[in-house]
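sequence and predicted model, in that order:
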Amino acid sequence: MTENGRPLASITWMAAMQNGKLEQMKSVFITGAASGTGFAIAERFARDGWAVFIGSRDLAKAREAAEVLSDSCQIPSHGFETRIFDEENTRQIFSEIRTMGFDPDALVLNAANLGIGQVSLDVGIPDFMQVFQTNIGWNFMIAREAARGMIRKGKGSIVIISSNSAVRVTRDRCAYCSSKAALLAMSKSFAVDWGRYGIRSNVILPGMIKTERWENNLNGARESLANYTPIGDIASFEDIAEAALFLAGDHASRITGAELVVDGGMLAQLTPDPGMKPFFINPQDTE
């Protein structure tokens, strides 16, 4: 907030409009971007000078995140409430973005239903399908609406956050793993169907990420998780954010229909290595 109580986001927005910078400024819409990986992605785009539109099921948190980015990065940012599998809500979001002077150049689909604890023999079909409704149906809905704006611009980039669980699965998460695998094919379909309009589509496959549990080393998380990667380390939120910015930007202009794995080599390593020293530990300190 400024001294006169006006949100800094509105000041930044007006300044950009007055200076005629909106037409030159790239913009991105990111789902699930109020915290965690999504916010790290939003912050990385903001630091690179993009206007950032944040989607979250919690409107207050979306607006708070947008205010933080406007304040720290001096870019236009706005938060939206996203309602799962609500086509009218999706249309309204992109319509409002257009009234602000933008058709997003990039879309990052980060929000997901994690489908935790769904035992395959017991899970109800409605619960199982709800994971697909979010991870496939809703993502398709958002991507198609974003693509319509990209067609008007003559180009655009879609970046989908999947998981290495799309390739190697986790027990009792059948809906999650299979829906994340389906995202790979859906992205390729976007690349083939919409490539003629200058739209690219790619997927990031993260592995384990340095969450609060890892940072605080709860139950020896740092040591145990490092055993799963040949480099003895796992990805941070920022690692995923760097990958998303790369795929969205001009440096990846000839990359489409592809997958980028960001998991410290976890997919390359078949079994855990209990002898692996975590990357952050000096081997001399353990002798």
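Great, that's in hand.

and residue 50, backbone torsions?
phi -80, psi 150 (degrees, to the nearest 10).

and the residue nearest to it when sequence neighbours are not counted, how far from residue 59?
Leaving out its chain neighbours, the residue that sits closest to residue 50 by Cβ to Cβ, 6 or more residues apart in numbering is residue 26, at 4.8 Å. In short, each C-beta sits where N, CA and C put it, glycine included. According to Cβ to Cβ, to the nearest Å, residue 26 and residue 59 sit 25 Å apart.

can you check residue 110 too?
17 Å.

so these two - more neighbours on which side?
residue 110 (23 against 14; other Cβ atoms under 10 Å).

how near is that one to residue 243?
With Cβ to Cβ as the criterion, residue 110 and residue 243 are 12 Å apart.

circling back to that earlier point, got the contact list for the residue nearest to residue 50?
49, 50, 51, 105, 106 (Cβ atoms under 8 Å, 6 or more residues apart in numbering).

so what's the backbone phi/psi at it?
Dihedral angles (degrees, to the nearest 10) for residue 26: phi -80, psi 160.

next one, pLDDT for residue 51 please.
Looking at residue 51, its pLDDT stands at 98.

residue 25 is in contact with that one, correct?
Yes. Using Cβ atoms under 8 Å, residue 51 is in contact with residue 25, at 5.3 Å.

okay, these two: which has more neighbours?
residue 51 (28 against 15).

what is the neighbour count of residue 200?
25.

could you look up the SS state of it?
strand (DSSP: H, G, I helix; E, B strand; the rest coil).

in the sheet, which residues pair with it? Tell me.
residue 157 (DSSP bridges).

what's the answer for residue 52, then?
residue 28, residue 77.

start at 844, not 1
In the new count, where the first residue is 844, that last one comes out as residue 895.

you'd agree it is up against residue 918?
Yes. Between residue 895 and residue 918 there is a contact under Cβ under 8 Å: 6.4 Å.

now list whatever residues contact both of the two.
889, 912.

more neighbours, those two?
Under the criterion of other Cβ under 10 Å, the comparison of residue 895 against residue 918 puts residue 895 first, with 30 against 24.

OK, contacts around that one?
Contact partners of residue 895, counting by Cβ under 8 Å, 6+ apart, are 870, 871, 873, 876, 885, 888, 889, 909, 912, 918, 919, 920.

drop anything exposed from the residues you listed.
870, 871, 873, 876, 885, 888, 889, 909, 912, 918, 919, 920 (16 or more other Cβ atoms under 10 Å).
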